[in-house]
Each structure stands twice: as C-alpha cells, then as structure tokens.
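Student: With the sequence up front, the predicted model follows.
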Amino acid sequence: MEVKVKKIALLGMGTVGSGVYEIIKRQKQELPAKTGCMLEIDKVLVRNKAKYASVVPEEKLTNHWEDIINDDSIDIVVEVMGGIEPAFTYIKEALTKGKHVVTANKDLMATRGHELLEVASAHDCDLLFEAAVAGGIPIIRPMKQCLAGNNITEVMGIINGTTNFILTKMTEEGMEFKEALQIATDLGYAEADPTADIEGYDAGRKLAILASIAFHTQVTFDDVYTEGISKITSKDIVYAHELGCEIKLLGIAKLEEDGIEVKVHPTMIPKDHPLAMVKDSFNAVYIHGDAVDDAMFYGRGAGSLPTGSAIVGDIIDIARDTQFRCTGRIGCTCYKQIPVKHMQDTHSSYYIRMKLVDRAGTLATLAGVFGENQVSISKLLQTDKEGDTAEVVIVTYDVKENQFAKAIDTISSMPMIKEISSVIRVVHEE
Ligand code: NAP
Ligand code: HSE
C-alpha cells in the first residue's frame, strides 16, 4: 500500500531546529508504523543559508517565507526561530492556510498564544506547543489530556535550567552568584545576555502558559510577578540549610478562592520537598489536582534533543490527527475567566536577614512593628555579632504581601536597623 508523505517546513535550524532534524532522521524507519505516513522535512527557513550548507541539502534551504507559505504541499510548519515577530505572522498565516503548526516559542505563546489558538480553531488546525514549557518534559499534553478529570489547584515548578544550575553550584560548592553565573555562561547554559533567565522572565513566560492550562483562564506574562536570583548569597543558602530548606527559583501558580496567584521568585523550600531535590540544569513541575493528588514531572528542560523530542512528539500527534481526520481536537482550553490577583494581595511566609544594633529593646521594637502590621514571627535566630551590630534571621508566618511590605518599609527607616540584607519567600510543607 502506498504510504502518504506529510511534508514539514522547519522555521529555524538552531539548537532546537537541528534536534528536530536529527530525530526525524533517526526515526525515519519507524515513523510510518507510528503515524501511518512518512514525515519528511521538505524546507528549512533560516536567515543565513551559508551557515547551514553542510547540514541541510541546498534544495531544502530557503531564506524566503513565501517559499513555504505558498507551497500547498507543506502540511506542518514547525516554528523554532524564537521571538515575537515575524514568528507570530508566520504562524498566523500558516494556520490561515490550513497548515498545522508546532512551536517551541514560549515568549510568543505566553503573550499572544490565545490569539493564535483562536486562529487555529477557526481553521480546524492543530497548534501544539509542548516544547514551550520545560523543554523535553511532557507537561502540556498531560495537563490538557491525562489530568483533564481534575480540578488543578496548584502548579509549582523549577522551569528554568540556567538558574537551577547556578543555585546548585552556590549550594554545593559555596560559590557566590557571579562566579556560578560565569560557569553557567562558559558551559553554554546561560545566554550572552542572561537577563531573561536570571531575572525570572523566562520562567514567568512558562508559568503563564502553565497557569492558563491549569486554571482554564487566559493568563499572560504581564500577569506574572517576577523576581530573579541575582541577590541570593551563599550566606542565605547556609541559613536556609539551618532552617531545613533549599533555595530554588520557583514558578508558583495557585488557585485561591478570590483568584489566581502567579509568581516567580527565589523560594526557601523544605529539603524533603520533591522540588528541593531537583539539581543542576534539570527542570520539574509539581502539580496538585483534586483527584490525582500530587504528581511531579521531571527531566531536561532545554537542549537540542530533549526539546526536539517534545516537538517531534507534537508532529507525530498531528500526523495521527490528520490520518484520522480529527485535527483541531484539543485547542484552547481557557473556558473560564478567573481574575488574576495582584501580587500585593497574595500571601507568603518570609525569611528576613538583617543587621541591627545589639542593645536591649531592639528586638522588642522590631516585634512591635511586625505586630502592628499583622506580621507574626515563627522563628528567630540571632547569629553573628560584630561590635554593637548583630545579625538576626527571622522567619514569619503567612502574611499578606502589602502588610509585610509596610512592615519592612517602617523598619528599614529605623536607626537601629543597620541593613536589611535579604528577604526571601518561604514555602512550608502543607
Ligand atoms: P537559536 O539556536 O538561536 O536558533 C534560531 C534559528 O532560527 C536559527 O537557525 C536562525 O537562523 C533562525 N531564525 C531566527 N530568526 C529568523 C528569521 N527572522 N527568519 C528566518 N530564520 C530565522 O534558537 P533556539 O535555541 O533553537 O530556540 C528556538 C526556539 O525554541 C525559541 O523560541 C526558544 O525560546 C525555544 N526553546 C529553546 C530551547 C533550547 O534549549 N534552546 C528550549 C525550549 C524552547 P540564522 O542562524 O540564519 O539567523
Ligand atoms: N533558557 C532556558 C533555561 C532554556 O535555562 O531553562 C530555554 O527554555
């Protein structure tokens, strides 16, 4: 029997594109059995053709989008260029022409993904983006399909490998942030401009996508509070250990009675929490659903083949859907409109490290200010002392962000407080 060929156009042939290219090559023999058709990369769009001449045959390479969008034989467009434009326009045009799309582009999906999903739905097309969150870890499909019988109430994730690598180096080798960042850069984890990773923007984009799927509500990157790891010191990590915790950059999305919380920030998390054990550049996403209880997904959050693995999985899904004429089956799942809470209305427990004048009454005054702002102290450690200055570490119970901010504002202007050295949110085991 003649096996149909499905033609694919790759937009981009960098880290992820080359992984997809390699996996399709490796899987060539098995794809007909898996999908009922042959999958063939027919065109590859890049800017600089010469750069790719040794890996992609000349006749497949193009630097003209028109060669792809005007080619009716192309069934699936795989966008792995990155950025908002021209990626948005290319994906929209492809869907409008009835081509199915796979993308790894979290920047785009976290800002304009909902618009693109509408276009896909209007044209009965698949728009799949498993690789956009946590690279090779299956998480979008599990949430949309396997966990569809749950009300998901919480998603917590280590969804940026670069920062997890840096924090692991700081934890295990006592390094300071800058030294660990340099190693992450030398090893190719951190980009030349690492801002998006270390300031939490990359994790924030992924969290917006996860929260939208978990809570069936459109959440965009603008809704997410982000705070990075550049102020974390090795001293805080030592104190975290004294308190039985590790410090991780967590993306936290929670469904509360009065709305959705979405935030990315460094977090002290108990050492025996499964997320505390996720090291190096690995990612993990921890989910709580009312039926499944807790579930954790762990693996490689980036890299050529791991990310390519997620994309080829999406391509195979599309090939199967077209084979059975059921494309457009699972589109946008945002059928609710739950409000997203302002950060100041959310709650956290806090760790505060500060230097203060070591004399009678200082702690009492401090406790007074905390009390006036409904900040209740759960733990207090007085540690180093130098001359008349003592270092104190306080952990609070859960408090509303704006009340905590008011307390910190007040104490930071008091002469007895010499320095507020660091403030880190704490997650307790429930
Ligand atoms: P990359 O290595 O920088 O590769 C980008 C590729 O796209 C290059 O081949 C580039 O071609 C091409 N390109 C960029 N802009 C183009 C344009 N306007 N027209 C034509 N070609 C264009 O990027 P990457 O790391 O593979 O990332 C691609 C996407 O995957 C991004 O959205 C990223 O966020 C996402 N992602 C990446 C990873 C990862 O591990 N890297 C993991 C998950 C998701 P030229 O070289 O000719 O400019
Ligand atoms: N820069 C990301 C990370 C990988 O460090 O996890 C791409 O999503």
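Tutor: Cool, got the structure. Ligands and ions are numbered 1, 2, ... in the order given.
Student: Paired strands for the least confident helix or strand in the chain by mean pLDDT, with orientation please.
Tutor: Using mean pLDDT, DSSP states H and E, strand 377-386 stands out as the lowest-scoring helix or strand of the chain, at a mean of 86. The strands beside strand 377-386 in its sheet (DSSP bridges) come out as strand 389-396 (antiparallel).
Student: Counting by contacts, list what the next helix-or-strand element following the strand it pairs with packs against.
Tutor: Along the chain past strand 389-396, the next helix or strand (assigned with DSSP states H and E) turns out to be strand 399-400. When contacts are defined as 3 or more Cβ pairs under 8 Å, 6 or more residues apart in numbering; DSSP states H and E, strand 399-400 sits against strand 347-357. The C-beta positions use only the backbone N, C-alpha and C, and glycine is treated the same way.
Student: Relative to the whole chain's centre, how far out is the helix or strand following the strand it packs on?
Tutor: Once strand 347-357 ends, the next helix or strand along the chain (criterion: DSSP H and E) is helix 362-372. For helix 362-372, the separation from the chain centroid amounts to 38 Å (computed by Cα atoms, centre = their mean, to the nearest Å).
Student: coming back round to it: let me know the angle separating the least confident helix or strand of the chain from helix 362-372.
Tutor: Counting by axes from the mean of the first three to the mean of the last three Cα atoms, to 10 degrees, strand 377-386 lies at 150 degrees to helix 362-372.
Student: Give the buried residues for strand 377-386.
Tutor: Ile377 (16 or more other Cβ atoms under 10 Å).
Student: Give me the contacts around that strand.
Tutor: Defining contact as Cβ atoms under 8 Å, 6 or more residues apart in numbering, one finds that strand 377-386 is touched by 239, 242-243, 349, 358, 363, 367, 370, 390-397.
Student: ok, now how distant is Ile311 from Leu305?
Tutor: 10 Å (Cβ to Cβ, to the nearest Å).
Student: which residues do those two both contact?
Tutor: Residues touching both Ile311 and Leu305 (Cβ under 8 Å, 6+ apart): Gly19.
Student: With neighbour numbers in mind, choose between those two.
Tutor: Neighbours per residue (other Cβ atoms under 10 Å) separate Ile311 from Leu305, with Ile311 holding more: 29 against 18.
Student: The more buried one and Ile213, how far apart?
Tutor: Here Ile311 is placed at a distance of 18 Å from Ile213 (Cβ to Cβ).
Student: now do Glu242
Tutor: Plainly put, Glu242 is 37 Å away from Ile213 if you go by Cβ to Cβ.
Student: And those two? Which one has more around it.
Tutor: Using other Cβ under 10 Å as the criterion, Glu242 and Ile213 rank with Ile213 on top: 23 against 11.
Student: contacting residues for that one?
Tutor: Ile213 makes contact with Ile140, Met143, Lys144, Thr333, according to Cβ under 8 Å, 6+ apart.
Student: Backbone dihedrals for it, both of them.
Tutor: phi -70, psi -40 (degrees, to the nearest 10).
Student: Repeat that for Lys34.
Tutor: phi -80, psi -30.
Student: where's Arg26 relative to ligand 2, distance?
Tutor: 22 Å (Cβ to the nearest ligand atom, to the nearest Å).
Student: now that residue: how far from Leu39?
Tutor: In terms of Cβ to Cβ, Arg26 sits 12 Å off from Leu39.
Student: which one of the two has more residues nearby?
Tutor: Leu39 (23 against 13).
Student: now the more buried one: how far from Thr307?
Tutor: Leu39 is 18 Å from Thr307, by Cβ to Cβ.
Student: Ile41 now?
Tutor: Between Ile41 and Thr307 the computed distance is 16 Å (Cβ to Cβ).
Student: ditto for Glu30
Tutor: Distance of Glu30 to Thr307, computed by Cβ to Cβ: 20 Å.
Student: These two: who's more crowded?
Tutor: Higher neighbour count among Glu30 and Thr307: Thr307, with 25 against 9, using other Cβ under 10 Å.
Student: Show me what the helix or strand encompassing the more buried one is in contact with.
Tutor: Thr307 is part of helix 304-323 when elements are defined by DSSP H and E. Helix 304-323 has contacts (Cβ under 8 Å, 6+ apart) with 6, 8, 15-16, 18-24, 27, 31, 34-37, 39, 75-76, 78, 80, 100, 102, 104, 126, 128-131, 135-138, 141, 299-300, 327, 329.
Student: Please list only the buried members of those.
Tutor: Counted by 16+ other Cβ under 10 Å, these give 6, 8, 15-16, 18-21, 23-24, 31, 35, 37, 39, 75-76, 78, 80, 100, 102, 104, 126, 128-131, 135-138, 141, 299-300, 327 as buried.
Student: what does the chain put close to ligand 1?
Tutor: 12-17, 45-48, 51, 80-82, 86, 104-106, 131, 135, 302-303, 307 (Cβ under 6 Å from any ligand atom).
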